[in-house]
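> next comes the sequence, and after it the predicted model I'd like to discuss.
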Amino acid sequence: MACDNKLKKEMFEELKKYIDEIGEKNGALISVLHKGQEIFGYLPQEIQEFIAKEMNIPIAKVYGVVSFYHFFSMTPKGKHPISVCMGTACYVRGAEKVLNSVKNYLGIDVGETTEDGLFSIDALRCVGACGLAPVVLIGKDVYGKEQVKDMKKILEKYRKESVG
Amino acid sequence: MKENKKILVCGGTGCLSAKGAEIVKNLRDSIREHSLENEVEVIQTGCFGFCEKGPIVKIMPENTFYIEVKPEDAERIIVEDIISEKRIIELLYIDPKNGERVFEGENMEFYKKQVRIALKNCGTIDPESIEQYMAAEGYAALKKILTTMTPENVVKIIKDSGLRGRGGGGYSTGLKWEFASKNISDQKYIVCNADEGDPGAFMDRSILEGDPHSVIEGMIIAGYAIGATEGLVYIRAEYPLAIERLRKAIETARKNKILGENVFGTDFKFDIEIKYGAGAFVCGEETALIHSMEGGRGEPTTKPPYPAESGYWGKPTIVNNVETLANIAQIILKGVDWFRSIGTKNSPGTKVFALAGKINNVGLVEVPMGTTLREVIFEIGGGIKNNKKFKAVQTGGPSGGCLTEKDLDTPIDFDTLLAKGSMMGSGGMIVMDEDDCMVAVSKFYLEFTVDESCGKCAPCRIGNTRLWEILDRITKGEGKEEDIALLKELSQTIKTTSLCGLGQTSPNPVLSTINQFLDEYLEHIHEKKCRAGQCQALRKYLINDKCVGCTACARVCPVACIEGKVKERHVIDQTRCIKCGACYNACKFNAIDVA
Ligand SMILES: Cc1cc2nc3c(=O)[nH]c(=O)nc-3n(C[C@H](O)[C@H](O)[C@H](O)COP(=O)(O)O)c2cc1C
Ligand code: SF4
Ligand code: SF4
Ligand code: FES
Ligand code: FES
């Protein structure tokens, strides 16, 4: 755990440095949140409080902004974050079925992370690869068309890699 | 082998997702192996448009168009095509009409009717090379206006060209610029709206990925025209590739003195900053976008005042769409008459569409305004996938509506689409076939709106939720006759009482599907039937005579409603079936029908 804490301290320092280097703080909140999420992976209460203090703005404003935008997340993502595209093009080519099969297989809902921390599910709108619809992203890997008919197989592959 | 060959490899999001980067690497490796570094160049371009058949590789100057290229094809391309000058037949597109292989893109139905203005450089140059952009007449328009024209001249040209904003509303770009140019202020801003929240649209990101300099050039010209020295691009963080290419383009433009203190050595100064969005559809609305850029929640405010009067930090601000800006340099270079010779009288020029859904050729297409839906869907798009029947096309995304068979010969422009109860919107075009349920589709759009409403006004926040609930009931077979009138009335109220464009247009998919497909709504309500078989609760699973009695279905059925002896045909008890579809997935003999 000690090592964990050290890491965390460094992360906070990195974020503080970023905030300190912004010339014009007015209007920079969203950029700071992007940076915070990039560093920590998500934006829990603790980090929101830190940002509010460092930028000298009310915590309510920070929370108001975090909760407004889909891109900001207050729960940690899994080691392999799964994003199922629910854009219109993917929807008409069967994205809902794909999403359901992922949910069933992992036993979690959209926005949740599996207990072992391996997977989390998100739905997003149009990855910009509609030619491959329906599209699923796992981390940076893109799966589409025929491949996603069998999500179970794909997910098992990730699970195996992680376990051993 | 002829010298100086170029291999263009698509670097658009679609093709990159399908191992495009590996193809580039393998091509380069192979070129090195054969010591061809001085003769052959590999260029990673933006999207070619024909994403359905990606990854795409083009060989220049022959213009050979290879489709569905795999990383392992790279070696062959170098050895057979480049060195031995033989075209690789298996990698050529097959014309579905006559079964013949097509060598060049220009000869494919997909490209024949297209006219490229905004996409002029997409797929032909390396988006990261300012030299290649300049070799394709890039920044010539900027130089021309800075050295020979007054800002008033520029505004007049854009006004006379009749260019209408491509971000959805179709408002005259020139008029908007004129308005802002007349406002006196110590600071003005040009904002490029690259939010692109429409859930089935990818043209703006493709332009930014494929030709970022054309957008930068458009912004600088706009800045000169209205007297602004600062530009901002509002782009969603979910578009990493577009952001990266844009960032590099801004840096190289600065290095080349095209951005910064003395643009092209004149005393005009202009610079561009990138602002990240964070995935909220409503942030595409211009007042919301400005609030988001100021670091707050992206909630819209009433207009007037319009941003052109009081925008970013209260200063006059022009918000223009990516595609609108990509048109500017071309209009300056080629003139008003040229631009007006393309398209229709009231909507000159072209429009880029993101063609997707149940269509053979998914992709990015740019056609003159006035092209008919039939031409786009059946000629360029190659018709409906798997020989299914065309049912509807949704234009304008969540703000738009459905058009059907009878509208196919409508020439598409801003006004004709509105007159037909749909909208141009940003240019998403989703094609649907007989397997799509129109009630479910309108519920899908409503779900999106409910998710994306900023919540500021009650009609939008609560009204849309109620609309969704009614639609949900109907898709579950619990609809009532009165629901149709209720949907219509509620829709009208939401449209007239919401503050911003999101709420004002969100009921459009509902109204237009009721208009065009009333019988389908009624079927759901009275007969508890979904003819497309999409609404799960109304589905019926039936075992046909292909059943061999393997018992697989009975074993997976969670409510044990399937009965039958081993090796005998099984039966599903319809009264107990919960329509989960587990049996359907378990059957290996195609013995279960969905009705
Ligand atoms: C809910 C909503 C979302 C919008 N999203 C976008 C968008 O993603 N991109 C865009 O360019 N315009 C969008 N618009 C339109 C803009 O508000 C604005 O009209 C446009 O950017 C003006 O540029 P143009 O005149 O070049 O079209 C949206 C409007 C509304 C009401
Ligand atoms: S109409 Fe909807 S999205 Fe627009 S301001 Fe009102 S609540 Fe927000
Ligand atoms: S799984 Fe298919 S073949 Fe086997 S018993 Fe069920 S319906 Fe018959
Ligand atoms: S809708 Fe899924 S990639 Fe476009
Ligand atoms: S992404 Fe390659 S052709 Fe569109």
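Now that the structure is in, tell me what you want to look at. Ligands and ions are numbered 1, 2, ... in the order given.
> for ligand 4, what's its nearest residue on chain A.
Across chain A, the shortest distance to ligand 4 (Cβ to the nearest ligand atom) belongs to residue A:87, at 2.3 Å. For every residue, glycine as well, the C-beta is placed using N, CA and C.
> tell me the confidence at that residue?
pLDDT, residue A:87: 89.
> the residue nearest to it when sequence neighbours are not counted - how many residues pack around it?
Distances taken as Cβ to Cβ, 6 or more residues apart in numbering or on different chains place residue A:126 nearest to residue A:87, at 3.3 Å, with adjacent residues excluded. Using other Cβ atoms under 10 Å in any protein chain shown, residue A:126 is surrounded by 27 other residues.
> so who does residue A:126 touch?
With contact taken as Cβ atoms under 8 Å, 6 or more residues apart in numbering or on different chains, residue A:126 is in contact with A:85, A:87-90, B:198-202.
> from the residues you listed, which land in helices?
A:88-90 (DSSP state H).
> the residue of chain A closest to ligand 4 reaches residue B:196, doesn't it?
No - using Cβ atoms under 8 Å, residue A:87 makes no contact with residue B:196, being 11.0 Å away.
> filter the ones in helices among the contacts of residue A:126 to the buried ones?
A:88-90 (16 or more other Cβ atoms under 10 Å in any protein chain shown).
> now do the strands in the stretch 301-450 of chain B.
Taking DSSP state E, counting those that start in this stretch as the test, the strands found in the stretch 301-450 of chain B are B:317-321, B:350-357, B:363-368, B:390-395, B:401-404, B:428-433.
> of those strands, which is nearest chain A?
Relative to chain A, the nearest member of the strands of the stretch 301-450 of chain B by Cβ to the nearest Cβ is strand B:350-357, separated by 3.5 Å.
> mind checking the SS state of residue B:62?
coil (DSSP: H, G, I helix; E, B strand; the rest coil).
> just give me the residue closest to the centre of chain A.
residue A:77 (5.2 Å; Cα atoms, centre = their mean).
> that one touches residue A:121, doesn't it?
No - counting by Cβ under 8 Å, residue A:77 does not reach residue A:121; the two are 9.7 Å apart.
> now which of the contacts of residue A:126 would you call buried?
Buried among the contacts of residue A:126 by 16+ other Cβ under 10 Å: A:85, A:87-90, B:198-202.
> could you redo the residues you listed as JSON lines and give each row distance to residue A:65?
As requested, those are exported to JSON lines (distance: Cβ to Cβ, whole Å):
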{"residue": "A:85", "distance to residue A:65": "25"}
{"residue": "A:87", "distance to residue A:65": "25"}
{"residue": "A:88", "distance to residue A:65": "28"}
{"residue": "A:89", "distance to residue A:65": "30"}
{"residue": "A:90", "distance to residue A:65": "28"}
{"residue": "B:198", "distance to residue A:65": "23"}
{"residue": "B:199", "distance to residue A:65": "23"}
{"residue": "B:200", "distance to residue A:65": "27"}
{"residue": "B:201", "distance to residue A:65": "26"}
{"residue": "B:202", "distance to residue A:65": "27"}
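> quick one: the strands in the stretch 451-595 of chain B, in order.
Applying DSSP E, counting those that start in this stretch to the stretch 451-595 of chain B gives strands spanning B:541-543, B:562-563, B:571-572, B:592-594.
> out of those strands, flag the one nearest ligand 5.
strand B:592-594 (33.6 Å).
> and which of the buried ones among the contacts of residue A:126 is nearest to ligand 3?
Using Cβ to the nearest ligand atom, the buried ones among the contacts of residue A:126 come closest to ligand 3 at residue A:90, 29.3 Å.
> contact partners for that closest one?
For residue A:90, the contact set (Cβ under 8 Å, 6+ apart) comprises A:84, A:126, A:130, A:133-135.
> so which of the residues you listed are in strands?
residue A:84 (DSSP state E).
> in stretch A:51-67, which residues are buried?
Within stretch A:51-67, the residues that count as buried by 16+ other Cβ under 10 Å are A:51-52, A:54-55, A:57, A:61-63, A:65-66.
> also within reach of chain B: list those from these.
Residues of those in contact with chain B (Cβ under 8 Å from any Cβ of the partner chain): A:61, A:65.
> any low-confidence regions in chain A?
Residues of chain A meeting the criterion pLDDT under 70: A:1-7, A:164.
> cutoff 50 now
Counting by pLDDT under 50, chain A has low-confidence residues at A:1-3.
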